[in-house]
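S.K.: Sharing a model that was predicted from the sequence below.
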Amino acid sequence: MAEISQDGGGGRKKGGKVRSKKMSTRIDFTPMVDLGFLLITFFMLTTTLAKPNIMALIMPEKKDIQEEDLEPVKESKVLTLLLGGKDVVYWYEGITDPVLDSTDFSAEGVRKVILDKMDKVKGQWGMEDYEDFKTKEKKQGSFLTVLIKPTKDAVYKNLVDVLDEMAITKVRYYVVLDASEAELKFIENPASGLKFSASEQAASLK
Amino acid sequence: MPKHKPKRGTPLIDMTAMTDVAFLLLTFFMLSAKAKPDEVAVVDTPSSVSETKLPDAGTLNILIDKDGKVFLDPKGTHSRKELIERINAEFNLGLTEEEKLRFSTAGGFGLPKNKIKGWLNMPPAERKHVAMSGIPCDTVDNQLAPWIHNARLAQFMMKQQGVVNDEYVIVIKADQNTPYPNVQQVINTLTDINVNKFNLITTMESDPNKKHGEGHGGGEK
């Protein structure tokens, strides 16, 4: 296969004159194609065409937070999600005598909780007008504030999932915080209620 | 009577078209190729609907594997050289010039400071396969903070000198089964040194808002 083809070059004819051998101009491309495909295979396998996706996460600044910079949020606008172990999300609304409930990460689970709360907030407070800082479009968004508090039993996937829900349901105000002792006790024993103090929470963040 | 000679020799196929296609593809793949970066740890990232792509700018990759071991992989040989100079001074590692040069091309690592020198003296092939224990980043012994702090400074200096164009983009690549406390440690380490903005690497997942309109449109119903 790999030799230069002599077909059509014409052999020496019987009893004929000695002619100069006519060489074919056709070249066998097989080895070249072989090599070509070998290289294609190599580059295809080593190439990463798709760049990985990223999800930006901005954490609140730890230092230099002045008391006057803190703006209290209306209790009725707040939804707290506690990420527990085994893909369970515990959630409660507000901070006065909350009722703890649990759900999962499916579309019918935590997403429904968020959307329901959004409807409630909308009913009570209406919608907030804001300007998209990139496109300068006038938009309406919910006043809902979500506090995301992963516990030590949660895995990284839970955090990403719940941040994803924020993106899907277009929650504009959310923050990742540490769960406080009171909340961990609340998960263990929901009947005891949540004795929650803002100063305690502030202290646990330091 | 016409002569009926049987055809002799091998039948020839015109390979030109095939060659054309093959080399076109080859050219495409060669030009679009970017070698898969060697990862220090196997990390299975969680999925998200985010469609933002990783920027081309220099990245400072922090990998957290499923056992919570932390690895660091700063990109750019110049910045790495500067980084190891700084780390050498800060941790008193006593590295030689040769070892520093090796570090600048060594790839990702996850080792406590006292093992860096030994690791750099291994043959390159062995260096990739050695078991690493991760960079300690708990409250008792946090070595990740000086690494990241110095890496950012190094990249910043390189930018000042015009060697690189951008400052580091901090990228966290964690396994989906990494326990949250390990991720939290890394995030706390970052916020402690005033790095409040970073990126989490995720794999693509379809957005229910865009999928044949069955999803709930969130705040804009």
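M.R.: Good, I have the coordinates.

S.K.: Verify the contact between residue A:53 and residue B:55 for me.
M.R.: No - applying Cβ atoms under 8 Å, one finds residue A:53 not in contact with residue B:55, separated by 11.7 Å. Just so you know, the C-beta spots here come from the backbone N, C-alpha and C atoms, and that holds for glycine as well.

S.K.: Between these two, point out the one with more neighbours.
M.R.: Using other Cβ atoms under 10 Å in any protein chain shown, the more surrounded residue of residue A:53 and residue B:55 is residue A:53, with 21 against 13.

S.K.: now the helices: where do they sit in the chain?
M.R.: Assuming you mean chain A. Assigned by DSSP state H, the helices in chain A fall at A:30-46, A:110-125, A:156-169, A:181-188, A:198-204.

S.K.: let's do chain B instead
M.R.: Under DSSP H, chain B gives helices at B:16-32, B:77-91, B:97-104, B:116-120, B:124-129, B:144-160, B:180-192.

S.K.: Test my guess that residue B:205 contacts residue B:47.
M.R.: Yes - with contact defined as Cβ under 8 Å, residue B:205 reaches residue B:47; the gap is 3.8 Å.

S.K.: what's the neighbour count on the nearest residue to residue A:155 once chain neighbours are set aside?
M.R.: Closest residue to residue A:155 apart from its sequence neighbours, by Cβ to Cβ, 6 or more residues apart in numbering or on different chains: residue B:177 at 5.3 Å. Residue B:177: 14 surrounding residues under other Cβ under 10 Å.

S.K.: Go ahead and confirm residue B:177 touches residue B:66.
M.R.: Yes - counting by Cβ under 8 Å, residue B:177 does reach residue B:66; the two are 4.6 Å apart.

S.K.: what's residue B:200 in contact with, if anything?
M.R.: A:54, A:55, A:56, A:57, A:160, A:163, B:48, B:171, B:172, B:173, B:174 (Cβ atoms under 8 Å, 6 or more residues apart in numbering or on different chains).

S.K.: Which of the residues you listed scores worst on pLDDT?
M.R.: By pLDDT, residue B:48 ranks lowest within the contacts of residue B:200, coming in at 78.

S.K.: Please tell me how far it sits from chain A.
M.R.: To chain A, residue B:48 is 5 Å away according to Cβ to the nearest Cβ, to the nearest Å.

S.K.: thinking that residue is in contact with residue A:52, fair?
M.R.: No - using Cβ under 8 Å, residue B:48 makes no contact with residue A:52, being 11.0 Å away.

S.K.: Neighbour count: these two, which is higher?
M.R.: Shown here are residue B:48 and residue A:52; by other Cβ under 10 Å, residue B:48 has more neighbours (25 against 15).

S.K.: show me what contacts that one?
M.R.: Applying Cβ under 8 Å, 6+ apart to residue B:48 gives the contacts A:53, A:55, A:160, A:161, A:163, A:164, A:167, B:200, B:202, B:203, B:204, B:205.

S.K.: Around residue A:120, how many other residues sit close by?
M.R.: 16.

S.K.: if we can go back for a sec, just put the helices of chain A in a markdown table and tack on distance to chain B.
M.R.: Listed next are the helices of chain A as a markdown table, based on distance: least, Cβ to the nearest Cβ, whole Å:
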| stretch | distance to chain B |
| --- | --- |
| helix A:30-46 | 4 |
| helix A:110-125 | 6 |
| helix A:156-169 | 4 |
| helix A:181-188 | 13 |
| helix A:198-204 | 13 |
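
S.K.: With respect to residue A:145, which of these lies nearest?
M.R.: Between residue A:145 and the helices of chain A, the shortest gap by Cβ to Cβ is with helix A:110-125, which sits at 8.9 Å.

S.K.: what helices or strands is that closest one leaning on?
M.R.: strand A:78-83, strand A:89-93, strand A:101-103, helix A:156-169 (3 or more Cβ pairs under 8 Å, 6 or more residues apart in numbering or on different chains; DSSP states H and E).

S.K.: in it, what's buried?
M.R.: By 16 or more other Cβ atoms under 10 Å in any protein chain shown, the buried positions in helix A:110-125 come out as A:110, A:111, A:113, A:114, A:115, A:117, A:118, A:120, A:121, A:122.

S.K.: Just give me how far it sits from the chain centre.
M.R.: Chain-centre distance of helix A:110-125: 22 Å, with Cα atoms, centre = their mean, to the nearest Å.

S.K.: Stretch B:99-119 too?
M.R.: The answer for stretch B:99-119 is 16 Å, by Cα atoms, centre = their mean.

S.K.: how long is it from one end to the other?
M.R.: 10 Å (Cα to Cα, to the nearest Å).

S.K.: Mind listing residues that contact it?
M.R.: B:38-41, B:61, B:63, B:69-73, B:77-78, B:80-81, B:84-85, B:87-88, B:91, B:93-95, B:120-121, B:124, B:127-128, B:130, B:132-136, B:143.

S.K.: before we move on, back to that, with respect to residue A:140, which of the helices of chain A lies nearest?
M.R.: helix A:110-125 (9.6 Å).

S.K.: With only the CA atoms kept, save that closest one in PDB.
M.R.: This file holds the C-alpha atoms of helix A:110-125, laid out as PDB (Å, rounded to 0.1, in the frame of the first residue of the first chain):
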ATOM      1  CA  VAL A 110     -37.100  24.700  48.100                       C
ATOM      2  CA  ARG A 111     -38.000  26.500  44.900                       C
ATOM      3  CA  LYS A 112     -41.700  26.400  45.800                       C
ATOM      4  CA  VAL A 113     -40.900  27.600  49.300                       C
ATOM      5  CA  ILE A 114     -39.000  30.600  47.800                       C
ATOM      6  CA  LEU A 115     -41.700  31.400  45.300                       C
ATOM      7  CA  ASP A 116     -44.500  31.100  47.800                       C
ATOM      8  CA  LYS A 117     -42.700  33.500  50.100                       C
ATOM      9  CA  MET A 118     -42.100  35.800  47.200                       C
ATOM     10  CA  ASP A 119     -45.800  35.900  46.600                       C
ATOM     11  CA  LYS A 120     -46.500  36.700  50.200                       C
ATOM     12  CA  VAL A 121     -43.900  39.500  50.200                       C
ATOM     13  CA  LYS A 122     -45.400  40.800  47.000                       C
ATOM     14  CA  GLY A 123     -48.800  40.900  48.600                       C
ATOM     15  CA  GLN A 124     -47.600  42.800  51.500                       C
ATOM     16  CA  TRP A 125     -45.000  45.100  50.100                       C
END
